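Visitor: Build me a model from this:
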Amino acid sequence: MKTILAFAGSNSSASINHELVKYTVSQVPKFRIQLLRMSEMPFPMYSSDTEKNDGYKNSLIELHEDIKKAAGLIISVNEHNGNPSAYFKNVIDWLSRVDRKFLADKKIFLMSTSQNERGGQSSLSTVKNMLPRFGADIIDTFSLPFFNTNFSLEEGEITDVDLKTEHLRTLNDFLDQL
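Guide: From the prediction side, this is the model:
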């Protein structure tokens, strides 16, 4: 059975992007799901000095291996001031030091959500353009605007019918490619 690795690009324990990822993987049949909670994976800020003096953390090597083993990735990126979070960029920086093409031929379903009407689209666009530099194949994207209005934490699902339909369509496009 093929494995999908799924995580949010946020290290917040209350990440709405993690909630979107959890919902997304609940809609995936016939795949083994490896759902990561990035708030449990602290990484020091990347610097060449830290890399030279301390090397790579075991959690970084394990994440790199998990990516390599996965048939595809589901990632939801958060947005800070119109950009991906420093945490997510830092994880990418570390992974690219282990292996510049750490996403070689990896099919990715890329998502984002936020509390506003744009749903993290600026961050989503930035990451969509960034990840192919490391070998990623972005299959599809999905943005969920107004998280508190369009997602029920109690039910753990998208509540807006049109957005729910669009999410399932883009998810199935991704799954069909695996």
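Visitor: For this protein, just list every one of the strands.
Guide: Secondary structure of the chain by DSSP state E: the strands cover 3-8, 32-35, 72-77, 107-113, 137-144, 151-152, 157-158.
Visitor: And for the longest one, what's in contact with it?
Guide: When contacts are taken as CB atoms under 8 Å, 6 or more residues apart in numbering, the neighbours of strand 137-144 outside the stretch itself are 20, 72, 105-113, 118-121, 124, 128, 131-132, 150-151, 158, 163, 166-167, 170-171, 173-174, 177. (Glycine included, C-beta is placed from N, CA and C.)
Visitor: buried sites along that strand?
Guide: 138-144 (16 or more other CB atoms under 10 Å).
Visitor: Spit out the contact partners of residue 10.
Guide: With contacts defined as CB under 8 Å, 6+ apart, residue 10 is in contact with 17-18, 38-39, 77-78, 85, 87-88.
Visitor: now these in JSON lines, with neighbour count?
Guide: Supplementary listing: the contacts of residue 10 in JSON lines, determined by neighbours: other CB atoms under 10 Å:
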{"residue": "17", "neighbour count": "28"}
{"residue": "18", "neighbour count": "25"}
{"residue": "38", "neighbour count": "24"}
{"residue": "39", "neighbour count": "15"}
{"residue": "77", "neighbour count": "25"}
{"residue": "78", "neighbour count": "26"}
{"residue": "85", "neighbour count": "22"}
{"residue": "87", "neighbour count": "20"}
{"residue": "88", "neighbour count": "25"}
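Visitor: list the helices and strands the lengthiest helix in the chain packs on?
Guide: Assignment by DSSP state H gives helix 161-177 as the longest helix of the chain. Judged by 3 or more CB pairs under 8 Å, 6 or more residues apart in numbering; DSSP states H and E, the packing partners of helix 161-177 are strand 72-77, strand 107-113, strand 137-144, strand 157-158.
Visitor: and the contacts of strand 137-144, which are buried?
Guide: 20, 72, 106-113, 119-121, 124, 128, 131, 150-151, 158, 163, 167, 170-171, 174.
Visitor: The spatially closest residue to residue 3 that is not a sequence neighbour: neighbour count?
Guide: Counting by CB to CB, 6 or more residues apart in numbering, residue 3 lies nearest to residue 32, which is 4.5 Å off, once chain neighbours are set aside. Each residue near residue 32 was counted by other CB atoms under 10 Å, and the total is 12.
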